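Novice: this is the structure alone, sequence omitted:
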Ligand code: ATP
Ligand code: MG
């Protein structure tokens, strides 16, 4: 499937490193490239994760290797099974598969505990009892080393205390287990980092079995090594943690070589936020309708909005992989979607702000059908039937009682216009209610212009308009979206991202009129509503007989590459 969606990953610096490793042989000799994608199940995946997925799975794919999916669930605080399922669904939807290599980091808790005991036995870890305040105070600074009066605690005592920490004898925060590395290190991550803490909290996978939990920096290299990962690809914030990653891998006796950690830049996108904590806040405070709100940068939100896996993969591919942090324009993501949908979406007609038009010279009670092309880019997609009769719905903005300069659409005495796929018409008048609002447009059609071209070949000066037959039209609700934030950098500096929300990010149109054929639309279908943009059914709210469409993206592309 991956190959179908795009050509795969272009060479990048990660591949240069891997090529080097392979060329040098050593611990990588004869080994298959083995990566992992390690989400923490504390929220839904977002478009930033799609980049990591692309890098992890894509790199394995490129080298004919394998990629594990691992729930990095060592911190029970916000983790939940709901997220585990959603993460799997999203990765599959993006087109990647981990085969039978699905793991929970928490399945290794017993092993991690043993390795921690091993470190204590080797004199490389000790139980510390600094209070959080003392921790800060003893931390030192660039010129002053850190301190801990507990550093020389006898091994036997640390072993005993660590066992009792596990047994649940102590409250949260009373003790920690620290790796004994270097209190004077210029890298603060190496100043005897905490590797275990007490947390009396139920874990989604291990239940109440544990009340001590390993810290990420201790757990991650062990997870990687146990799974035989050769290249542990992560984002740049872990660069300063690499010495600790290497230290752990070297000092615990896992019967496997050291995995190599390589860091790449996170993906940022303007007009949105990308941290799960902030996305969660939007959900919990009801600022959006849920994790899958179509304005969210989550994979499920983008899917509901109408994004396709191919568009997201193309976006990831074309952004490239580097060490340089950058913020990509949201417009580029939209551009990638437009490219895909322009090629693949079925064309249909929908009138979003309808006004009735009566073809006064078309016989009452008559109707006919036209075959209209589904997709000019893909003739193989065939045609569909649309019905035509005396009363039609057209777009209110395609009519003006009085024309403005250069207006080429409907007004009394105005130019002839084409009704897409049907006939040439011209506006001959209109009706208003007692308040002067236009209630109906009157037009005449040229019976000798079936299909849209007049028999005498005369030039049609007006626009080509979309329309829907009033006799068969279906009602629909249509949701138009704009950026969730009105500020391009909602979480930059000391801004409160909640203050940057765009009050006009959702516009709901009711009473829209769509072609009768859309009654059979499936959630996975993508449509181009002629002249309006690309749309799909709303997977949550659309029901047979009460259709709801989301605009995935407008037609106009303002993005400049
Ligand atoms: P967040 O800050 O959004 O919660 P996270 O890094 O804590 O993100 P994890 O579940 O730990 O989320 O991430 C799983 C993997 O996805 C990690 O390897 C992480 O580096 C990567 N990742 C997360 N966000 C991005 C991003 N914006 N761009 C690229 N990779 C990302
Ligand atoms: Mg994380």
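Specialist: It's in. The shown structure was predicted, so the numbers you read here are calculated from the model rather than taken from an experiment. Ligands and ions are numbered 1, 2, ... in the order given.
Novice: only C-alpha atoms for contact and neighbour calcs from this point on.
Specialist: Will do.
Novice: show me where the stretch 101-250 of the chain has its helices.
Specialist: Secondary structure of the stretch 101-250 of the chain (DSSP state H, counting those that start in this stretch): helices at 109-121, 132-137, 155-167, 216-226, 242-251.
Novice: just the ones you listed: most buried one?
Specialist: helix 216-226 (a mean of 22; mean count of other Cα atoms under 10 Å).
Novice: for it, packing partners?
Specialist: Contact analysis of helix 216-226 by 3 or more Cα pairs under 8 Å, 6 or more residues apart in numbering; DSSP states H and E lists strand 194-198, helix 242-251 as its packing neighbours.
Novice: what's the distance between residue 249 and residue 179?
Specialist: Distance of residue 249 to residue 179, computed by Cα to Cα, to the nearest Å: 13 Å.
Novice: equivalent analysis for residue 394, please.
Specialist: 72 Å.
Novice: can you tell me, leaving aside adjacent residues, what's nearest to residue 387?
Specialist: residue 369 (4.3 Å; Cα to Cα, 6 or more residues apart in numbering).
Novice: where does the closest residue to residue 232 other than its chain neighbours fall, phi/psi-wise?
Specialist: Leaving aside its sequence neighbours, residue 232 sits nearest to residue 261 (Cα to Cα, 6+ apart; 4.5 Å). With angles defined as degrees, to the nearest 10, residue 261 sits at phi -90, psi 130.
Novice: enumerate every residue touching the residue nearest to residue 387.
Specialist: 385, 386, 387, 388 (Cα atoms under 8 Å, 6 or more residues apart in numbering).
Novice: do that again at 10 Å, thanks
Specialist: Residue 369 makes contact with 384, 385, 386, 387, 388, 389, 422 under the criterion Cα atoms under 10 Å, 6 or more residues apart in numbering.
Novice: how close does it get to residue 388?
Specialist: Distance from residue 369 to residue 388, by Cα to Cα: 6 Å.
Novice: do residue 212 as well
Specialist: In terms of Cα to Cα, residue 212 sits 71 Å off from residue 388.
Novice: more neighbours: which of these two?
Specialist: Between residue 212 and residue 388, residue 212 has the larger neighbour count (other Cα atoms under 10 Å), namely 24 against 20.
Novice: isn't that one up against residue 168?
Specialist: Yes - Residue 212 is within contact range of residue 168, at 8.1 Å (criterion: Cα atoms under 10 Å).
Novice: overlap in contacts of the two?
Specialist: 198, 199, 200.
Novice: by neighbour count, which of those wins?
Specialist: Among the shared contacts of residue 212 and residue 168, residue 198 has the most neighbours (other Cα under 10 Å), with 21 neighbours.
Novice: what's the closest non-adjacent residue to it?
Specialist: Counting by Cα to Cα, 6+ apart, residue 198 lies nearest to residue 212, which is 4.3 Å off, once chain neighbours are set aside.
Novice: with residue 541 instead?
Specialist: Going by Cα to Cα, 6+ apart, residue 541 has residue 548 as its nearest residue, at 6.5 Å.
Novice: now do the host helix or strand of the one you found: which elements does it pack against?
Specialist: Under the criterion of DSSP states H and E, residue 548 resides in strand 547-553. With contacts defined as 3 or more Cα pairs under 10 Å, 6 or more residues apart in numbering; DSSP states H and E, strand 547-553 has these neighbours: helix 299-305, helix 330-344, strand 474-481, strand 506-514, strand 527-529, strand 533-537.
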